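Undergrad: Let me see the structure of the following:
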Amino acid sequence: MAGRAKGRSAGQMVGGAVAALILVGGGIYAWFDFSHASKKEAARAAEWDIAGPPCPEMTAADFAKTGYRLRNDFAYEGVQFRMAAGHADCDLKGYNTLTRTGGAPACQFTSPNALSVRTDKGEQFFVPGVGKPATVTVEGGRARCVAASNFKLNG
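TA: Next up is the predicted model:
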């Protein structure tokens with residue numbers, strides 16, 4: 001039988017070729033899927049890389065004198081947030097969805113006017129101002145607030 005490897009049937013040769021195609025095709029699919037996921041991860045990270053001026057921070061005593069009432073409160077990833085107004089959207093900044101590692105709690109606010117952030121290290125008070133957006137990131141138990149946000153309400 002000319003053209004066939006010694007000791008192998010036609011079925012074995014076809015089966016081997018099919019297995020090789022599956023492995024190569026699977027590898028190509030995995031590479032494209034990983035590449036797409038990496039691009040999505042980069043876009044997600046950019047949404048949370050917020051630059052802006054720092055929010056004015058106050059002591060608890062000074063904040064109490066402002067008259068702001070923090071009516072809306074919620075917890076995210078072990079951090080307690082309170083705000084006077086507006087809406088919030090939170091995520092883990094720097095969290096890698098591919099490796100499921102990293103990440104610092106971060107919340108973007110439409111217009112909180114004033115807010116507090118409580119962690120195991122204490123409570124901090126920020127007053128970005130009426131109608132101004134804010135983004136708070138918590139790392140090492142300390143909050144950092146900037147008067148900027150990418151979060152917008154739809155509608």
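Undergrad: What is the subsequent helix or strand relative to the helix or strand of the chain with the lowest mean pLDDT?
TA: Taking mean pLDDT, DSSP states H and E as the measure, the helix or strand of the chain with the lowest value is helix 10-47, at a mean of 60. Next in sequence after helix 10-47, counting helices and strands by DSSP states H and E, comes strand 57-58.
Undergrad: what residues are up against the closest residue to residue 83 other than its chain neighbours?
TA: Spatial nearest neighbour of residue 83, excluding adjacent residues (C-beta to C-beta, 6 or more residues apart in numbering): residue 112 at 3.8 Å. Placement of C-beta: from N, CA and C, glycine included. Residues near residue 112 by C-beta atoms under 8 Å, 6 or more residues apart in numbering: 83-86, 88, 128, 134.
Undergrad: Using the three-state scheme, assign the closest residue in space to residue 52 that isn't next to it in sequence.
TA: Spatial nearest neighbour of residue 52, excluding adjacent residues (C-beta to C-beta, 6+ apart): residue 148 at 2.8 Å. Put simply, residue 148 is coil when judged by DSSP: H, G, I helix; E, B strand; the rest coil.
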